[in-house]
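Novice: Compute the structure for the input listed below.
(2 chains)
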Amino acid sequence: MNSKETLYSAGLDIGSALSKAVIMKNRTVLSSSVRPTEGNFSHAANTVLNDALEKAGLSHSDLASIGACGLGASFLAYPFTKITEISCHSRGVNYFFPSVRTVIEVGNQASRVINVTKEGKVADCIVSDRCAAGSSRILQIIAKVLKVDLKDMGPLSLKSTNPVRFTTGCAVFAETEAISRVAEGMRKEDIIAGLHQALAARISAMAQRIKLKEECAITGGGAKDIGLVRAVEGKIEKKLLVSDDPFITGAIGAALIAVEK
Amino acid sequence: MEAERKKKKRTSAKTLQTAREAGYFGKKMLQNALKAREEGRPTAWSMVTWWEGELIAKAMGVELVFPENWGAFCASVRAAEPHLDRSHGEGFPSTLCGYARNCLGYARNMADNNLEVPPDAPGGGLARPTFLLSSGAACDARYKWFQALGRYLEVPVWTLELPHTGVKEYFLPGNKEHNIRFIVSELKEYVAFLENLLGKKLDWDRLSEIVDQTFKTLRIAYEVDLLRKAVPSPMVAQDFWSIMIPHLYLPDDPEAYEFYKRVYDEVKYKVDNKIAAIPNEKYRMMFSELPPWHTLGFFDEIAERYGIALVIESWSYHAIPPIPEEELEGVTDPLELIARLTYRMWTGYNETALEYGVDPGFFMSAYLKWAKEYRADGLFCHPLMSCRPATYTLLHTGNVLMDKFKVPSVVIDGDIVDLRVFNEEEAFSKVEAFVETMDHYREVRKKEGLPW
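Specialist: Prediction:
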């Protein structure tokens, strides 16, 4: 083992929508890569890892450890440490914001509210199980219905003056409802804002069960949507910290935990 | 290949030799009932009535089978789905009790087969009953379940009522004795029903023998529970869910009593020699309430991966702590003894419930008592999509455990029978994160001076 090998670690978060990888040297992020998974976990994982390695000027053999989380982690072909997303996001947020004790993660498969220790370990956790309406998947579904780019959803939501009230808690019915509202001539801004309110209400209900701590952060794909972030803040009546790149939080946590293990 | 084998393994590996042998009692019940039917002797389908109805039926020579037990068996061999689909086709909702749906689907199949056992019935099937024994204990769905069954099977249904006393009410002067008298009067009516249906008189001496044997079996089953407080744990829930069959369904059977003596000896030997059920025991968890029978191998997996031993579990299927001797002094009427036994099952933890201010006493307070006694690091909550009684107290129990003892809980949704609502990967993910939570609260308990 050369000196290089002992220093570098990789973290991967292979989600159902996006695959993310980071390369770290000790506790510093050297590079990262994010790309759509497109249903091929193995290919996406290899691509983001190779891309991140290339950006860092390293090769696979330079890595002392690889940690991975996410739905597609099991498809990795090389040796790695498999870690749950809950732990990875906790550790990842702790990396960005050491004072944060509650993490709200809005991912494509599920939303989670996690209370963390000062070391970034999981103290308590609530997960929205098997429900697209409780995850950021619903944002993608409605973006498609409204023919809006996902990255524009947040800014549009903030322009709403009369948010639509979604009457259902189910993604399938919410899609139907959004189509009906479009047909009725409702503004896209108001439909998106209504959706954000509905998702925020579900997240807030989970947060109530876990007892939010003073400092809170939001991460995962949902954290990229400023409309959703503001809606959640309104519901829980707290300011949410958002890192510069919430997509890679889980991957950073995976890299850090893999080193420890 | 090894990975594939593991992935396909769904049943649990029992750590006790006696637990591996306990399946015999389930088969024995099913076969005895089929034989009785063949020979023209009376048979019945019974709910778990916590012994009040079963013992009297047995004294009348009735061979009993238990659809709840059989539902768990069907789920464990993954043979429940066709029954669930049949039940769905009959219009029963998917939120109805999984045991009920399994049983109703089977009854529909029986009705289509001239009320005889269908040839492909799992485990040989439930024999055609002479009557159905229902109970108001624990669960609201059970009233309508057997009422509907009676219509499919064209047999009479008898329902036993059981008072569910609130915790404060339980301690009111005279309340307990009033309830005991009520249960005895219910049992007398039940005896009259059986005598009328079967055309013979109850043999009271035989009933006394059965009651006596039941008390002995439950006593030793309770003593096994006490042994389980040892660290490391000598047996785990995967064992209990097998050995509970004899004491829950056949406590009157001398063979069950002899079996339990062997269970006791085996567990005692492991305690004396500090032999752990889980070789790498690192975390001691309680389990509430009923397990996913279709995926019990999950618990072996979390034992292996994380060193999690489920040290105590499923309150409602354990033998209740014995009735104080002074309460039984001078009581010779077997009906009153039965009434006191069953009532004790539902009120035996009320002292604990009063201490911590929780209600209902059952379904909650056993876990509060056990957390300390069994040095629990966490509670594994398994809310059942189709079972309100086993679910509605779980979150509150978790909150009280955290508040009083800094013992955290993890919630893994599923169902006893319906495997379609259990997400195994997600469950592993939650448990892995929960290991960190248990570590955290060990530190918290230490700081707060709690003894474990």
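Novice: Surely A:Tyr78 is in contact with A:Ile66?
Specialist: Yes: the criterion here is CB atoms under 8 Å, and A:Tyr78 meets it with A:Ile66 at 7.0 Å. Where C-beta positions appear, they are placed from N, C-alpha and C, glycine not excepted.
Novice: Those residues of the stretch 51-200 of chain A touching chain B, which are they?
Specialist: Residues of the stretch 51-200 of chain A lying close to chain B (CB under 8 Å from any CB of the partner chain) are A:83-87, A:90, A:110, A:114, A:117, A:121-127, A:129-130.
Novice: Quick one: the strands in the stretch 101-250 of chain A, in order.
Specialist: Secondary structure of the stretch 101-250 of chain A (DSSP state E, counting those that start in this stretch): strands at A:102-106, A:111-116, A:122-127, A:216-219, A:240-241.
Novice: who's in contact with the last one?
Specialist: What it means is strand A:240-241. A:96-97, A:100, A:104, A:215-218, A:223, A:229, A:232-233 (CB atoms under 8 Å, 6 or more residues apart in numbering or on different chains).
Novice: Relative to that strand, what are the paired strands and their orientations?
Specialist: strand A:216-219 (parallel) (DSSP bridges).
Novice: what does the strand it pairs with rub up against?
Specialist: A:89, A:92-93, A:96-97, A:100-106, A:229, A:232, A:236, A:238-243, A:246, A:249-250.
Novice: just stretch B:360-372 next, same as before
Specialist: B:138, B:164, B:166-167, B:170, B:286, B:288-289, B:312, B:315-316, B:318, B:345-347, B:349-350, B:352-354, B:356, B:358, B:376, B:379, B:389-390, B:393, B:396-397, B:400-401, B:404-405, B:407, B:451-452.
Novice: just stretch B:214-227 next, same as before
Specialist: Contacts of stretch B:214-227 (CB under 8 Å, 6+ apart): B:51, B:55, B:234-235, B:243, B:246-247, B:251-253, B:256-257, B:260-261, B:263-264, B:267-268, B:271, B:312, B:318-322, B:337, B:341.
Novice: Just the ones of the residues you listed in helices?
Specialist: B:55, B:243, B:246-247, B:256-257, B:260-261, B:263-264, B:267-268, B:271, B:337, B:341 (DSSP state H).
Novice: Show me what the helix or strand containing B:Glu327 packs onto, helices and strands only.
Specialist: Assigned by DSSP states H and E, B:Glu327 belongs to helix B:325-328. Using 3 or more CB pairs under 8 Å, 6 or more residues apart in numbering or on different chains; DSSP states H and E, the elements in contact with helix B:325-328 are helix B:334-347.
Novice: Mean confidence (pLDDT) on the next helix or strand after the helix it packs on, please.
Specialist: Next along the chain after helix B:334-347, taking DSSP H and E as the criterion, comes helix B:350-356. Mean pLDDT, helix B:350-356: 95.
Novice: And the residue of chain B found nearest chain A, its phi and psi?
Specialist: Nearest residue of chain B to chain A: B:Ala433, at 3.6 Å (CB to the nearest CB). Taking degrees, to the nearest 10, you get phi -70, psi -30 for the backbone angles of B:Ala433.
Novice: Against A:Pro246, how distant is B:Glu169?
Specialist: 53 Å (CB to CB, to the nearest Å).
Novice: wait, I meant B:Leu337
Specialist: From B:Leu337 to A:Pro246 the distance is 65 Å (CB to CB).
Novice: Neighbour count for the two, which is higher?
Specialist: A:Pro246 (24 against 21; other CB atoms under 10 Å in any protein chain shown).
Novice: Report the contact partners of the more buried one.
Specialist: A:218-221, A:223-224.
Novice: ok, the spatially closest residue to it that is not a sequence neighbour to chain B distance?
Specialist: Among residues not flanking A:Pro246 along the chain, A:Ala223 sits closest, at 3.6 Å (CB to CB, 6 or more residues apart in numbering or on different chains). With distances taken as CB to the nearest CB, to the nearest Å, A:Ala223 is found 19 Å from chain B.
Novice: Equivalent analysis for A:Ala56, please.
Specialist: 29 Å.
Novice: and that residue, what does it touch?
Specialist: A:8, A:23, A:30-31.
Novice: ok, now B:Leu104?
Specialist: B:83, B:86-87, B:90, B:92, B:145, B:148-149, B:152.
Novice: try it again with 6 Å
Specialist: B:87, B:92 (CB atoms under 6 Å, 6 or more residues apart in numbering or on different chains).
Novice: for chain A, what are the nearby residues on chain B?
Specialist: Residues of chain B lying close to chain A (CB under 6 Å from any CB of the partner chain) are B:413, B:429, B:432-433, B:436-437, B:440.
Novice: out of the residues you listed, who's nearest A:Gln197?
Specialist: If you rank those by distance to A:Gln197 using CB to CB, B:Asp413 comes first, at 25.9 Å.
Novice: So that closest one is in contact with B:Leu384, correct?
Specialist: No: B:Asp413 is not in contact with B:Leu384 according to CB atoms under 6 Å; the separation is 8.2 Å.
Novice: Of those two, give the one with the bigger neighbour count.
Specialist: A direct count of neighbours by other CB under 10 Å for B:Asp413 and B:Leu384 places B:Leu384 higher, at 23 against 20.
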